[in-house]
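> have a look; sequence and predicted model below, questions after that.
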Amino acid sequence: MAPEARREQLLQVASEVFAAKGYRMASVTDVVEGAGIGRGTFYLYFDSKKDVFLELIEQYFSDFEELLRDNHDRLRDSVKSNGDVLRTWRDNIVRILEYHRDNPSLTYVVYREALGSDEDFSERVDELSGVARMMFHEQFDLMKQHRLIRPVGLDIVASIVMGSTVYVIMEHIMKGGGPDLQRLADEVMEYHVRALMPPGPGLEAALRSLSTKGARQPKKAVAEVG
């Protein structure tokens with residue numbers, strides 16, 4: 001096996017081992033046995049169990065931060081171009097849910113193991129949380145400026161959205177046994193829309209547009225929000 005492929009194999013096996021046994025209970029032996037290699041081969045790529053654990057956390061953060069930045073750009077462009085903002089917002093939620101569904105072991109390692117460890121793994125978690133909070137803050141600020149949401153405290157809204165998203169991921173994706181992500185995104189969006197948009201015809205029109213799978217949001221619905 002090529003060196004890069006072997007390294008990826010070890011990371012994948014390690015994520016599964018840590019998710020199944022927990023970081024503290026897992027050992028290098030568990031990883032090498034799962035990968036079907038000798039201990040010497042493991043140490044060609046990683047110095048220790050902690051080293052491979054940190055690499056997994058870094059992999060998660062790099063990939064997820066890239067997704068968050070792309071979502072941020074998509075929503076910003078939609079707002080500025082007077083596009084289908086709510087549909088873009090909903091699609092961004094789907095993309096976040098899909099990322100975690102497609103990376104279950106890595107998600108479990110980060111949210112259950114890195115956050116709960118006595119060691120300093122959580123520093124990287126805090127760093128990504130700060131980046132995500134900043135992006136959510138900017139997105140909601142932009143929507144507020146364009147009168148797409150009512151005046152709200154952006155810091156607390158960003159924290160609420162982040163916290164609820166993490167909870168949905170852990171309870172409904174990691175434990176949910178293959179949920180319907182489209183339906184899940186619809187329910188998350190309805191919660192957000194009802195919380196952030198002013199009541200009235202614009203709110204109900206927006207909700208109707210999102211309740212129909214694949215339907216595009218009428219421009220009128222956005223115009224009525226303000």
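Thanks, I have the structure now.

> measure the residue of the chain most remote from its centre to D51 for me?
The outermost residue of the chain, judged against the average C-alpha position, is G40 (35.5 Å), by C-alpha atoms, centre = their mean. Between G40 and D51 the distance is 15 Å, computed by C-beta to C-beta, to the nearest Å. C-betas here are computed from N, CA, C, even on glycine.

> which elements pack onto whichever helix in the chain runs longest?
When every helix of the chain is counted residue by residue (DSSP state H), the longest turns out to be helix 49-80. With contacts defined as 3 or more C-beta pairs under 8 Å, 6 or more residues apart in numbering; DSSP states H and E, the packing partners of helix 49-80 are helix 3-21, helix 28-35, helix 85-102, helix 104-108, helix 122-145.

> for Y191, which of these is the nearest?
Smallest distance to Y191 across these (C-beta to C-beta): 10.6 Å, for helix 85-102.

> which residues are in contact with the closest one?
Among residues not part of helix 85-102, those counted as contacts by C-beta atoms under 8 Å, 6 or more residues apart in numbering are 63-64, 67-68, 71, 74-75, 78-79, 107, 143, 148, 165, 168-169, 173-174, 178, 181-182, 184-186, 188-189, 192-193, 206, 209-210, 216-217, 221-222.

> again with stretch 67-75
Contacts with stretch 67-75, where a contact means C-beta under 8 Å, 6+ apart, come from 85, 88-89, 91-92, 95-96, 99, 131-132, 135, 138-139, 142.

> can you redo these as JSON lines with pLDDT and distance to A2?
Formatted as JSON lines, the entries for those read as follows, by pLDDT from 0 to 100; distance: C-beta to C-beta, whole Å:
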{"residue": "V85", "pLDDT": "87", "distance to A2": "45"}
{"residue": "T88", "pLDDT": "92", "distance to A2": "39"}
{"residue": "W89", "pLDDT": "91", "distance to A2": "41"}
{"residue": "D91", "pLDDT": "93", "distance to A2": "36"}
{"residue": "N92", "pLDDT": "94", "distance to A2": "35"}
{"residue": "R95", "pLDDT": "95", "distance to A2": "30"}
{"residue": "I96", "pLDDT": "95", "distance to A2": "32"}
{"residue": "Y99", "pLDDT": "94", "distance to A2": "26"}
{"residue": "V131", "pLDDT": "86", "distance to A2": "33"}
{"residue": "A132", "pLDDT": "86", "distance to A2": "34"}
{"residue": "M135", "pLDDT": "89", "distance to A2": "36"}
{"residue": "E138", "pLDDT": "90", "distance to A2": "41"}
{"residue": "Q139", "pLDDT": "88", "distance to A2": "41"}
{"residue": "L142", "pLDDT": "88", "distance to A2": "45"}
